[in-house]
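Asker: Structure here, sequence nowhere to be found:
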């Protein structure tokens, strides 16, 4: 017998996507769906309909507590050389490669890494073009871009070290050294 107020998974996903959009958060449907289905498998395998209390808990869990973006308007941008910018871009490209290679294993974590890498690459490319247009080699990066690079690199390292991501086709020592070097560089950048 169906509970009053029970929802289909599609409806729960739609409510979450709508609420996140109201908070100016864009998340692909499949990421939300995968997370909802994983939570339901753990809690109540085989359910066709999500009981109202469980649906409310899932919706609130996804949509509350989202941190407001930090205000960096008073913070000076970091100044990186062309070489340092290239190192960040290389690490982000490798992050995309490793994440995409593990898409079938860990879609939610992979989506977070790919989204962060895309945002950071766009910002890095734009900053590098601005530096070129100014005739300088000093690339100005916002604190949010640096945080995004750091979060993305850490996400890939967590995938490799803690989540069973595969990267045997890469030089493990070289990959880890590249990511570690970027994190060291970012630690030196305010």
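Answerer: Great, that's in hand. Small disclaimer: the values here were computed from a predicted structure and weren't measured.

Asker: Residue 54 is in contact with residue 43, correct?
Answerer: Yes. Residue 43 sits in contact with residue 54 when judged by C-beta atoms under 8 Å, with a separation of 6.7 Å. For every residue, glycine as well, the C-beta is placed using N, CA and C.

Asker: So which of those two has more stuff around it?
Answerer: A count of neighbours by other C-beta atoms under 10 Å puts residue 54 above the other of residue 43 and residue 54, at 20 against 13.

Asker: element containing that one?
Answerer: Element membership of residue 54, judged by DSSP states H and E, is helix 52-63.

Asker: Can you pull up the most central residue in the chain?
Answerer: For the chain, the residue sitting closest to the mean C-alpha position, by C-alpha atoms, centre = their mean, is residue 112 at 2.5 Å.

Asker: so where's the longest helix in this structure?
Answerer: Criterion DSSP state H: the longest helix present in the chain is helix 107-134.

Asker: what's the following helix or strand after that one?
Answerer: Past helix 107-134, further along toward the C-terminus, the next helix or strand under DSSP H and E is strand 139-141.

Asker: residues in contact with the very next helix or strand once past that next one?
Answerer: Past strand 139-141, heading to the C-terminal end, the next element that is a helix or strand (DSSP H and E) is helix 143-162. Helix 143-162 is contacted by residues 69-70, 72, 75, 77-78, 88, 91-92, 94-95, 98-99, 102, 106, 109-110, 112-113, 116-117, 119-120, 123-124, 127, 165, 167, 175-176, 179, 182-183, 186, 189-190 when judged by C-beta atoms under 8 Å, 6 or more residues apart in numbering.

Asker: Same check on stretch 78-90?
Answerer: Contacts to stretch 78-90, defined as C-beta under 8 Å, 6+ apart, come from residues 120-121, 124-125, 127-128, 131, 137-143, 146, 149, 178, 181-182, 185, 189-190.

Asker: The worst-scoring helix or strand of the chain on mean pLDDT versus helix 107-134: what angle between them?
Answerer: The helix or strand of the chain with the lowest confidence, counting by mean pLDDT, DSSP states H and E, is helix 29-43 at a mean of 79. With axes from the mean of the first three to the mean of the last three C-alpha atoms, to 10 degrees defining the directions, helix 29-43 sits at 150 degrees from helix 107-134.
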